[in-house]
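K.L.:
okay, predicted coordinates and the sequence, questions at the end:
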Amino acid sequence: MSEPKSDASKATGNAIVVAARHVAKIFQEGKLRAEVLEDVNFEVRRGETVAIVGTSGAGKSTLLHIVGGLDTLTSGEVEIEGRKMSSLSDTERGNLRNRSLGFIYQFHHLLPEFTALENVCMPLLIRGTRILQAREQAAYLLDRVGLSQRIEHKPGELSGGERQRCAVARALVTRPACILGDEPTGNLDEHNAAQVYDLMLELNREIGTSFVLVTHDRRLAMRMDRVMELSGGRLHPMAEQGA
């Protein structure tokens, strides 16, 4: 099976695929008011890998959900491939998410009644890809993540590491501009976590998709191009960087 063509790579330039401009988020219930994000600004360029670290409760997941259009912001703006999320309807926002973004969570969120192949096909079928083409692209990604012999297995028949690799394949199958990962290895042991990170970095180099990963594991975070720390409602670049 031939590899689906990719039009993205780190050599394609410095196009900005994700941008947050003065993003703020305030939770308020009655007299209780919590300013989780105060003034967050960052850009992610095509093919770049970025880790966001911080203490529990700092707002890392909230920021990722806002960037992905899954949560609302109080003020500021998020742009995905130059399109302002605030200017889009719910339908347009959903279409933009499906075309430009992929999501990986701490828990795989695979549909238990479907096989690995069917789970990976889903984002393509949602966008209207023909089923034979969707199955071919899904099978290729499953082979790339080492699951070619498991494509007809359902999530309950896969190990934890296999389920997460399947989730990585699902996130990448549409060739999105950027993957947003919320503790994508947080539910794995050290060995499997390192394997999934290796896989994501390998696919980043091959496909050119950008990655923005929220993680508590600073050792793994330092393998990304940039590491940023969320504290006091703002993002700060960390002095040390990994390869």
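P.N.:
Nice, thanks for sending it over. Numbering: from 1, shown residues only.
K.L.:
use CA for all of it now, contacts and neighbours both
P.N.:
Fine.
K.L.:
what about the residue sitting nearest the centre point of the chain, distance to S159?
P.N.:
Nearest to the geometric centre of the chain sits L180, at 2.0 Å (CA atoms, centre = their mean). According to CA to CA, to the nearest Å, L180 stands 23 Å off from S159.
K.L.:
one more: S87?
P.N.:
For S87, the distance to S159 - CA to CA - is 42 Å.
K.L.:
circling back: which residues touch the residue nearest to the centre of the chain?
P.N.:
L180 makes contact with L64, G68, L101, G102, F103, I104, F211, V212, L213, according to CA atoms under 8 Å, 6 or more residues apart in numbering.
K.L.:
and which of these is nearest C166?
P.N.:
Using CA to CA, I104 is the member of those that lies nearest C166, at 10.1 Å.
K.L.:
what pLDDT does the closest one get?
P.N.:
Predicted confidence (pLDDT) for I104: 85.
K.L.:
okay, and the beta partners of it?
P.N.:
G181 (DSSP bridges).
K.L.:
share the number of residues neighbouring I126, please.
P.N.:
When neighbours are counted by other CA atoms under 10 Å, I126 registers 10.
K.L.:
check the one 4 residues further on too.
P.N.:
Taking other CA under 10 Å as the neighbour definition, R130 ends up with a count of 10.
K.L.:
cool, and the one 5 residues further on?
P.N.:
Neighbour count of R135, defined by other CA under 10 Å: 19.
K.L.:
is it true that it lies in a helix?
P.N.:
Yes: judged by DSSP: H, G, I helix; E, B strand; the rest coil, R135 forms part of a helix.
K.L.:
mind checking how far it is from D39?
P.N.:
In this view, R135 and D39 are 43 Å apart by CA to CA.
K.L.:
looking at this protein, which residue ends up farthest from its center?
P.N.:
Checked against the centre of the chain - CA atoms, centre = their mean - the farthest residue is K31, lying 34.6 Å away.
K.L.:
quick one, phi psi at that residue?
P.N.:
In this entry, K31 is assigned phi and psi values of phi -90, psi -10 (degrees, to the nearest 10).
K.L.:
low pLDDT regions in the protein?
P.N.:
1-13, 239-243 (pLDDT under 70).
K.L.:
what segments of it are strands?
P.N.:
In the chain, the segments counted as strands under DSSP state E are 16-29, 32-45, 49-53, 75-80, 83-84, 101-105, 178-182, 210-214, 226-231, 234-237.
K.L.:
can you list the strands that the second one pairs with?
P.N.:
I take that to be strand 32-45. strand 16-29 (antiparallel).
K.L.:
so how far is R205 from the residue nearest to the centre of the chain?
P.N.:
To R205, L180 is 16 Å away according to CA to CA.
K.L.:
residues in contact with C178?
P.N.:
Counting by CA under 8 Å, 6+ apart, C178 touches V17, V18, R46, S100, L101, G102, T209, S210, F211, V212.
K.L.:
so the fifth one touches G68, yeah?
P.N.:
Spelled out, that is L101. Yes: in this structure, L101 is within contact of G68 by CA atoms under 8 Å, at 7.3 Å.
K.L.:
for the nearest residue to V78 once chain neighbours are set aside, list the residues it contacts.
P.N.:
Using CA to CA, 6 or more residues apart in numbering and skipping the chain neighbours, the partner closest in space to V78 is A20 (4.6 Å). Contact analysis of A20 by CA under 8 Å, 6+ apart lists V40, N41, F42, E43, V67, G76, E77, V78, E79.
K.L.:
good, wrapping up.
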